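Peer 1: Model the structure of this input:
(chains A and B)
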Amino acid sequence: MRLGYHVHGIAIVLGVTAAAPCAIAVAENIPVRSGPRIVAPNTVERAFDRAAPAIVKLYGRGIGREHGYGTGTLISADGQIVTVLTLLSSRNGARVVLADGRTMTAKLVRKDEYRQLALLKIEVENAPFVELVDSEGLAMADPVFAMGNWFKVAEGREPVSVNRGIFSMRMALNARRLAQDFSYGGDVLLFDAMTSNPGAPGGPLLDINGNCVGIVGRIVEASETNTRINYALPSEEIRAFAGGDVATRTTSQSADENVEKKKPFVGIRISRLGFRHVSPYVERVRPGSPADKAGVQADDLVLAVNDDRIRSAKDYRDAIGRLAPGDKARFILKRGQRVLTVTIEIEEKQ
Amino acid sequence: MTRLVVTAFWFSVVSMPCIGAMADDDASDPYALEAAKARVIRAAVARAQKSIVTVETIGGAQPIATGPQGVREEAFRLSDGPTTGVVVSADGLILTSSINFARNPTVITVTLEDGRQFVAELLGRDEIRRLALVRIVASDLFVAEWAPSEEILVGQYAIACGRGLSGDAPFASLGIVSAVGRRNGNAIQTDAKISPINYGGPLIDIDGRVMGICVPMAGSGGALAGAEWYDSGIGFAIYKEKFDLVAERLASGEVIEQGKIGIFLEEDESVIRDFFEKLLPTKEQAVRIRDVVPGTPASASGLRKGDRILALDGQPVGDVPEMQRRLSDRAAGEEITLTIKRRWRKFDVTLTLARSEEMGKIRPKKYTDVELPKEVDDVDDPDAETEHAEPTTQPADE
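Peer 2: Modelled structure (predicted):
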């Protein structure tokens, strides 16, 4: 196949005065090619065309004088919009700009403090919507497309932006939002498209077919790396939430607390020197305690309890909290330059 | 008006993505093509995975940066989460990034892909290339396969793998090779997302071979420099050859750091004095020494304020940034030769780069140890006699 392109060089005189005649002469000689597009098979384009009509821009309450903005995803023809829980999704109602440019005010239907999701509703008929499909089918390296109005660069009826990445894995994310812990403890989808930007949360994560496998979550920092992480809540959670199942942190916690639990006793006091990221060194071992019987000594460093890596005094407290009297817990300790394993029989706290 | 005729055979360009690995798939079906690509990436990661280890550290503290504002915490807060390493020898040598030990941890452990866990010993660190070598007592480890550097081309796929998130599999980020031979030829540049998730981990090619070790490598300064560029689309991975150059020193426990001279540089702006030089057919490019710090290799070897540096190791120096770039990966202990022009004389000065802790403490060599500057050019200079009579160790200020 041979294509010929005939382009006429055009002198561009915009803003160029007679004072610079040579500039025009140069411009004339630059070959201008209205480059032929490589018509590569484009799955992104198809996914985008399919999903874009169902993505809305949200505007509303922000912090201070700064106006809030975000992205929402239409998941039903009757105008249900799923987005993340922010000030935007307060009861005052967010301003919704649809892909076709129509502006409406959304009502808050329901919110989920645990998953950090909000369900909004606009009065509309036959709205375009994205189809939620199972995220379980995603395999590592599968292409994913994330859409959203990052930094509110899309204005009016301009479509939101799309980024391409690959899916990497699903895992429970140990993360923080500012100083607070990330409340959601279920699995999230991790990928390498950049979505940790203002305005991105609430947009869909699409699979290769343009179906929604997840909703991009709020900006958080992973505790393990101290870096912003790109993730989405899986479609299964979105579907459960939209269907009326609201998981809140308080209910899941109280369920645990209602069970009468016997408190474990180990007999180790961890050093509390400093206040940030304290290494879990043993300060004192109570004589006659389970730890004493197992041979734990002061100045030992606790590396792991039952294969849970212990990095801080807080990790240690959490790990002990998971033990019950009667358990035989495997402690990995560092003493001097040696690493040793002891088994401690947990007793009941009196 | 010029009429341009542009012809091209675009057909061949369009058909290029259909590489051999996808022979089974209908190349005209974009979905089959994407599926095949995902399969190829999965296979590449699976092949490399056996040589990727989890490196964990316990204890230590946030590194402190000392700057003009005094002591402060680094802008980037290093986490104490897991990091990544690559097995480079069957008997337990593991290559990773020095940033993973910036906290000076008390304990280091290495977990192999099969789940076996070891206590590791930190051998040496290369703070220039941000590499570190640790050792575990083990045998018959699966050693990473390396891609020959000369085969690495701009535009080819690059996958950054890391164990920085405690998932079941390594986290993988797909990108391309954005540039080769970056950072004085030390690194490959990639737009795969490089972050604490994969510092110390491998950047692999589509065949699962390691092209380089992912490191933070932007700017200079503290132990965490470059980490602020994480996930930016500008990531770096160090070539195998560059590790090989320092492998023995790392294994013997050396800490390789950028060497210091003890001079402040400025551009050599021409002044009236240089008027006559301009009349010469070729005016030499140079940078000028703005100041010499006492107790440094520069002061000890007799460099003076106002000296012009014409060349570094025989290669002409154009301007200050170029000089700084060429010095950026020269380690303390290495020798460099500066070609100096002082007034009308030209001579070479060879000096040994110092560690930062040695700065300010280096005593001038005894006068008798110093070779007198060699006259290189034959410019007739009335001052030459007296200049020669001076010991080169005299303080710089005149």
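Peer 1: Name the residues of the stretch 51-200 of chain A found near chain B, please.
Peer 2: A:139-143, A:165-166, A:168-169, A:171, A:190, A:192, A:194, A:196 (CB under 8 Å from any CB of the partner chain). Backbone N, C-alpha and C define where each C-beta goes, glycine included.
Peer 1: Out of those residues, grab the one that's most surrounded.
Peer 2: Highest neighbour count within those, by other CB atoms under 10 Å in any protein chain shown: A:S168, with 29 neighbours.
Peer 1: Tell me the pLDDT of that residue.
Peer 2: pLDDT, A:S168: 96.
Peer 1: Over to the one 3 residues further on?
Peer 2: Looking at A:M171, its pLDDT is 93.
Peer 1: Name the SS class of the residue nearest to it when sequence neighbours are not counted, please.
Peer 2: Of all residues not flanking A:M171 in the chain, B:G167 sits nearest, at 4.2 Å (CB to CB, 6 or more residues apart in numbering or on different chains). Under DSSP: H, G, I helix; E, B strand; the rest coil, the three-state class of B:G167 is coil.
Peer 1: Same question for A:N92.
Peer 2: Assignment for A:N92 (three-state DSSP): coil.
Peer 1: Could you point out which residue ranges in the stretch 51-200 of chain A have low pLDDT?
Peer 2: A:62-66, A:91, A:178-179 (pLDDT under 70).
Peer 1: which bits of the stretch 201-350 of chain A sit near chain B?
Peer 2: A:208-209, A:222-230, A:277, A:279, A:301, A:303, A:309, A:311-312, A:334, A:339.
Peer 1: if you set the cut-off to 7 Å instead, what comes out?
Peer 2: A:208, A:222-227, A:277, A:279, A:301, A:303, A:309, A:311, A:334, A:339 (CB under 7 Å from any CB of the partner chain).
Peer 1: the domain parsing of chain A - what is it?
Peer 2: A:40-246, A:264-348 (automatic domain parsing).
Peer 1: What distance separates the opening and closing residues of the shortest one?
Peer 2: Using CA to CA, to the nearest Å, the span of domain A:264-348 from its first residue to its last is 5 Å.
Peer 1: Same check on stretch A:150-164?
Peer 2: 14 Å.
Peer 1: what comes up buried for it?
Peer 2: Buried residues in stretch A:150-164, counted by 16 or more other CB atoms under 10 Å in any protein chain shown: A:150, A:152, A:154, A:159-164.
Peer 1: Distance from it to the middle of the chain?
Peer 2: 19 Å (CA atoms, centre = their mean, to the nearest Å).
Peer 1: got it, and stretch A:199-213?
Peer 2: Remark: stretch A:199-213 is offset 12 Å from the chain centroid, using CA atoms, centre = their mean.
Peer 1: Okay, buried residues for that stretch please.
Peer 2: Buried residues in stretch A:199-213 (16+ other CB under 10 Å): A:199-208, A:210-213.
Peer 1: swap in stretch B:161-175?
Peer 2: The neighbour-count check on stretch B:161-175 (16+ other CB under 10 Å) flags B:161-165, B:167, B:169-175 as buried.
Peer 1: same question, stretch A:81-95
Peer 2: A:81-86, A:88-89, A:93-95.
Peer 1: a markdown table for the residues you listed, including distance to B:S232?
Peer 2: Rendered in a markdown table, the data for the buried residues of stretch A:81-95 read as follows (distance: CB to CB, whole Å):
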| residue | distance to B:S232 |
| --- | --- |
| A:I81 | 32 |
| A:V82 | 30 |
| A:T83 | 27 |
| A:V84 | 24 |
| A:L85 | 29 |
| A:T86 | 26 |
| A:L88 | 28 |
| A:S89 | 31 |
| A:G93 | 37 |
| A:A94 | 31 |
| A:R95 | 33 |
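Peer 1: since we're on the closest residue to chain A within the stretch 51-200 of chain B, how many residues are nearby?
Peer 2: Closest residue of the stretch 51-200 of chain B to chain A, CB to the nearest CB: B:G81 (2.9 Å). B:G81 has 22 neighbours, counted by other CB under 10 Å.
Peer 1: Test my guess that it contacts B:G167.
Peer 2: No. Counting by CB atoms under 7 Å, B:G81 stays clear of B:G167, with 11.8 Å between them.
Peer 1: residue contacts, the residue lying closest to B:R130 once chain neighbours are set aside?
Peer 2: Distances taken as CB to CB, 6+ apart put B:V215 closest to B:R130, at 3.9 Å, once the chain neighbours are dropped. Residues near B:V215 by CB atoms under 7 Å, 6 or more residues apart in numbering or on different chains: B:97, B:129-131, B:199, B:236-238.
Peer 1: Restricted to strands, list the residues you listed.
Peer 2: Taking DSSP state E as the definition of strands, the contacts of B:V215 contribute B:97, B:131, B:236-238.
Peer 1: Of those, just say which sits nearest to B:G318.
Peer 2: B:F236 (24.2 Å; CB to CB).
Peer 1: gap between the closest one and chain A?
Peer 2: 16 Å (CB to the nearest CB, to the nearest Å).
Peer 1: so what's that residue scoring on pLDDT?
Peer 2: 97.
Peer 1: for A:V339, same thing?
Peer 2: 72.
Peer 1: That one and B:F118 touch, don't they?
Peer 2: No. If you go by CB under 7 Å, A:V339 and B:F118 don't touch, sitting 9.3 Å apart.
Peer 1: what residues are up against the spatially closest residue to B:G200 that is not a sequence neighbour?
Peer 2: The shortest distance from B:G200 to any non-neighbouring residue, by CB to CB, 6+ apart, is to B:T96 (3.4 Å). Contact analysis of B:T96 by CB under 7 Å, 6+ apart lists B:55, B:83-85, B:132, B:134, B:200.
Peer 1: Inside strands: which ones of those?
Peer 2: Counting by DSSP E, the contacts of B:T96 place B:55, B:83-85, B:132, B:134 in strands.
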